[in-house]
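Asks: Predicted model and sequence follow; I will ask about them next.
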Amino acid sequence: MATVLDIGGLFQAFDFVFPFLFVTVLVLAVLQKTKAISESAAINGILGVICGFMIILSRTLIDLINFMIPWFTVAIVFIVLMFLIFSLFGAKEANFLEALKANDKTVIWVIVGVGIVILVAGLGKVLGQNIGPYLANETGITDGSGVATGSFEQNVTATLFHPKVLGLLVLFGIAIFAVLLLTS
């Protein structure tokens, strides 16, 4: 019996269409806003389509965009829901704009930080074992435990959730709160 989850397999052959459209529209929007190359929408549109076709030539970039876009969508939905929750408690639109224009730029740095984390995770997922001196499936490692496997994802997960790393994170957390409480 066919389910909604089976639709993903149908779109697998067309996974290059969304990155093409995304890059085309993004380049067109940036060029129209900045007027960096031309004020003509036709010239900017042609440059956008050219950039879109250049993206199609790289399987790595297609995979990277296809990995990153859902995570950025989740982040944007989270931000919109936070705006709705703050509005529910009485915040006005001017408060949101004031928070973005504040001198300390905390909100902007948080958004940039989330974007960088998504980019690094995307690069790790797409490039993973295919970069560096030890390419995928050429290591000859047969041990299936620890970080000595041929799977990049399994190695990263085993490293991040190792008891020593988790203990170090707890120690860093205690140190951060100690400094925070002692200085305030």
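Replies: Happy to help now that I have it. Residues are numbered from 1 along each chain as shown.
Asks: Which pLDDT value belongs to I141?
Replies: Listed pLDDT for I141 reads 51.
Asks: Actually, I65.
Replies: I65 is given a pLDDT of 93.
Asks: do P133 as well
Replies: P133 is assigned a predicted lDDT (pLDDT) of 59.
Asks: And L181, by the same measure?
Replies: What the model reports as pLDDT for L181 is 85.
Asks: ditto for A99
Replies: 80.
Asks: and it, helix, strand or coil?
Replies: helix (DSSP: H, G, I helix; E, B strand; the rest coil).
Asks: I'd assumed V107 was in contact with it.
Replies: Yes. Contact criterion C-beta atoms under 8 Å: A99 and V107 qualify, at 5.3 Å. Where you see a C-beta, it was placed from the backbone N, CA and C, and this is true even at glycine.
Asks: what about I118, neighbour count?
Replies: 18 (other C-beta atoms under 10 Å).
Asks: That one reaches W71, doesn't it?
Replies: Yes. Contact criterion C-beta under 8 Å: I118 and W71 qualify, at 4.7 Å.
Asks: top helix in this protein by residue count?
Replies: In the chain, with assignment by DSSP state H, the single longest helix is helix 59-88.
Asks: what packs against that one?
Replies: Contacts defined by 3 or more C-beta pairs under 8 Å, 6 or more residues apart in numbering; DSSP states H and E place helix 59-88 against helix 17-34, helix 41-56, helix 93-100, helix 106-126.
Asks: From the centroid of this structure, which residue is nearest?
Replies: With distances taken as C-alpha atoms, centre = their mean, the residue of the chain nearest its centroid is I118 (2.4 Å).
Asks: Check the gap between that one and P70 for me.
Replies: Distance, I118 to P70, by C-beta to C-beta, to the nearest Å: 10 Å.
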